[in-house]
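*Asks:* Could you look at this predicted model? Sequence included:
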Amino acid sequence: MKLIVRPCARPLTGRRQPPGDKSISHRLAILGGLAAGQSTITGYLQSADTLATLAAIEQLGARVEREQDEIRIHGGLGPIERASLDLGNSGTGVRLLAGALAGRSELFGAELVLTGDASLSSRPMARIIDPLDSMGAEISARDGRLPLRIRPRPLRAVRYRPKMASAQVKSAVLLAGLVAEGETVLVEPGPSRDHTERLLPALGVDVQRVGDEIRLRGGQALSGGRFHVPGDLSSAAFLLAAGLLVPGSDIEVDNVGLNPSRDGVLRIFAAMQGRVDRAAASTVGDEPVGQLRARGSTLRGVSIPPDWVPLAIDEFPIVMALAAAADGTTRISGAEELRVKESDRLAVMCRQLLRLGVDLEETPDGALIHGGTVEGGVVDSCGDHRIAMSLAVLGLVARGPVTICNAQWIRTSYPGFADDLAALGAELEWQEE
Ligand code: S3P
């Protein structure tokens, strides 16, 4: 499907709620599956990625009931001899599940195979296979890529320092550590989103953070509970960016997760002189939540400090779109991890922006984007949900309509994106390719 976005003739106004947080939804599906008893989850993200993780948990033996906005997981997996689980496009789903399942030899007898779509099958898995191997796991992969073949084995705890600041790697090791013998210590090379560490205590697991170390004893039981998933800042970022870009706009986004390990995009918006205000802060579970208001702003290019990159890792496509329409040059560096996301986001985003007449240079670890006028044109999501939404937002201020081909990938994380943007006053329509 293609999405056609017309330049905005008037300011965007109104109030929306972003869909549930993708990272927290994946974690709750997995933890709810592992836990004893029932887990009741409201606000669970109903998108392709998170539904794939939920389906995998069901396939592994958990019973899942769905009722409007409530999902009930009756925990307890296995016993199952073998299963093949298709995680679609989801890096978080596949990497966290690999960690969670690698040591569950009492539940799964022979082999668990984890597969995914073409994009996921090209993404690196050695980053989780290596630490899990050192814990005694038996995982085989072709060239460090999917499919992963896991023969669950008893694990021993390790002390591990990943090469990159990655919440997926950290979480895979901690989830494996739940059943490892001894105390698993994960040493963080830099900050990354900490939803796993925040959630585990709510299921009865003792996790300690001391400096850059996270410690967890193996053999602790998990018990289900009631959970609410806050709105996803990574999805809200598209609405906020639209509010910043379209002159005279004034929009509010409610119930947004504001976890400080995730809020780098708000720092970047502020550094670009985007007017975003926070209000009504509260907490949901152990996660800070609030309301954000974005107003039309004269955006300026900015040099983004490399240490902000992990805190805004999923927001670079939308930051690059904003940079294209800002005054002056935006410099992104230290962002080579973007090359192994749902697409090579540096290359794909640069290629699409060039099609819209943007002046830029791609570098090995980032880009230099010289902001200015953006032309209308035809671009492609290249199978990446966040590229599709970023280009749609940029279309609001282009000189002519922007057509985004393969925009159906938006369903990966934010199926209601086009409806939400339309409700704020944007003009956009879906067409068959
Ligand atoms: C995620 C971690 C990040 C992020 C991804 C979600 C998570 O990946 O890009 O969208 O939920 O743990 P990395 O751990 O590879 O940085």
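*Replies:* Arrived safely. Numbering: from 1, shown residues only.

*Asks:* so what are the domain limits for the protein?
*Replies:* By the assignment in automatic domain parsing, the chain contains the domains 2-19+230-431, 22-216.

*Asks:* The last one near the ligand anywhere?
*Replies:* Yes: under the criterion of C-beta under 6 Å from any ligand atom, the ligand is reached by domain 22-216 at 23, 92, 166-168, 171, 193. For the C-beta atoms, the positions are set from N, CA and C on the backbone; glycine is no exception.

*Asks:* Most widely separated two among the residues you listed?
*Replies:* Spanning the widest gap among the residues of domain 22-216 next to the ligand are 23 and 166, at 12.1 Å by C-beta to C-beta.

*Asks:* more crowded one of the two?
*Replies:* residue 23 (25 against 22; other C-beta atoms under 10 Å).

*Asks:* Distance-wise, check the more buried one relative to residue 50.
*Replies:* In this view, residue 23 and residue 50 are 9 Å apart by C-beta to C-beta, to the nearest Å.

*Asks:* Show the contacting residues for residue 25.
*Replies:* Neighbour list for residue 25: 41, 44-45, 50, 53, 229 [criterion: C-beta atoms under 8 Å, 6 or more residues apart in numbering].

*Asks:* 10 Å instead, please
*Replies:* Shown in contact with residue 25 (C-beta atoms under 10 Å, 6 or more residues apart in numbering): 19, 41, 43-47, 49-51, 53-54, 71, 92-93, 195, 227, 229, 232, 413.

*Asks:* quick one, phi/psi of it?
*Replies:* The phi/psi pair for residue 25 (degrees, to the nearest 10) reads phi -60, psi -50.

*Asks:* How about residue 65?
*Replies:* For residue 65, the backbone dihedrals (degrees, to the nearest 10) come out as phi -110, psi 140.

*Asks:* Which pLDDT does the model give it?
*Replies:* The confidence metric pLDDT takes the value 98 at residue 65.

*Asks:* Looks like it contacts residue 32 (just checking).
*Replies:* No: Residue 65 lies out of contact with residue 32 (C-beta atoms under 10 Å); the separation is 11.6 Å.

*Asks:* which neighbours do those two share?
*Replies:* What both residue 65 and residue 32 touch, as defined by C-beta under 10 Å, 6+ apart, is the set 38, 40, 71-74.

*Asks:* Let me know the secondary structure of the nearest residue to residue 177 once chain neighbours are set aside.
*Replies:* Once flanking residues are discounted, residue 177 sits nearest to residue 184: 3.0 Å by C-beta to C-beta, 6 or more residues apart in numbering. Assigned with DSSP: H, G, I helix; E, B strand; the rest coil, residue 184 falls in the strand class.

*Asks:* Tell me how far residue 184 lies from the ligand.
*Replies:* Residue 184 sits 17 Å away from the ligand, taking C-beta to the nearest ligand atom, to the nearest Å as the criterion.

*Asks:* That residue contacts residue 176, correct?
*Replies:* Yes: taking C-beta under 10 Å as the definition, residue 184 is a contact partner of residue 176 at 7.4 Å.

*Asks:* which one of the two has more residues nearby?
*Replies:* Comparing residue 184 with residue 176 by neighbour count (other C-beta under 10 Å), the higher total belongs to residue 176, at 29 against 26.

*Asks:* Might you report the residue contacts of that one?
*Replies:* Residue 176 makes contacts with 98-104, 128, 131-132, 135-137, 155, 157-158, 160, 184, 216, 218, as judged by C-beta under 10 Å, 6+ apart.

*Asks:* picking up where we left off before, what touches both of residue 184 and residue 176?
*Replies:* Listed contacts common to residue 184 and residue 176 are 131, 135, 155, 157-158, 160, 216, 218; contacts here mean C-beta under 10 Å, 6+ apart.

*Asks:* ok, the residues you listed vs the ligand, which is closest?
*Replies:* Nearest to the ligand among these, counting by C-beta to the nearest ligand atom, is residue 131 at 13.1 Å.

*Asks:* burial of that closest one, as a residue count?
*Replies:* 23.

*Asks:* what's the answer for residue 67, then?
*Replies:* Residue 67, neighbours per other C-beta under 10 Å, totals 8.

*Asks:* And the helix-or-strand element of the chain with minimal mean pLDDT, what's buried?
*Replies:* The weakest-scoring helix or strand in the chain, judged by mean pLDDT, DSSP states H and E, is strand 275-284 (a mean of 91). Within strand 275-284, the residues scored as buried using 16 or more other C-beta atoms under 10 Å are 275-276, 284.

*Asks:* Out of those residues, the closest to residue 1 would be?
*Replies:* Of the buried residues of strand 275-284, the one sitting nearest to residue 1 (C-beta to C-beta) turns out to be residue 276, at 30.6 Å.

*Asks:* what bridges to that closest one?
*Replies:* With DSSP bridges applied, the residues forming beta bridges to residue 276 are residue 294.

*Asks:* which residues touch the residue nearest to residue 177?
*Replies:* 131, 135, 155-160, 173-178, 207, 214-218.

*Asks:* Mind checking which of those land in helices?
*Replies:* 131, 173-177 (DSSP state H).

*Asks:* so what's the residue nearest to residue 177 bridging to?
*Replies:* Counting by DSSP bridges, residue 184 is bridged to residue 216.

*Asks:* Quote the end-to-end distance of stretch 113-128.
*Replies:* 15 Å (C-alpha to C-alpha, to the nearest Å).
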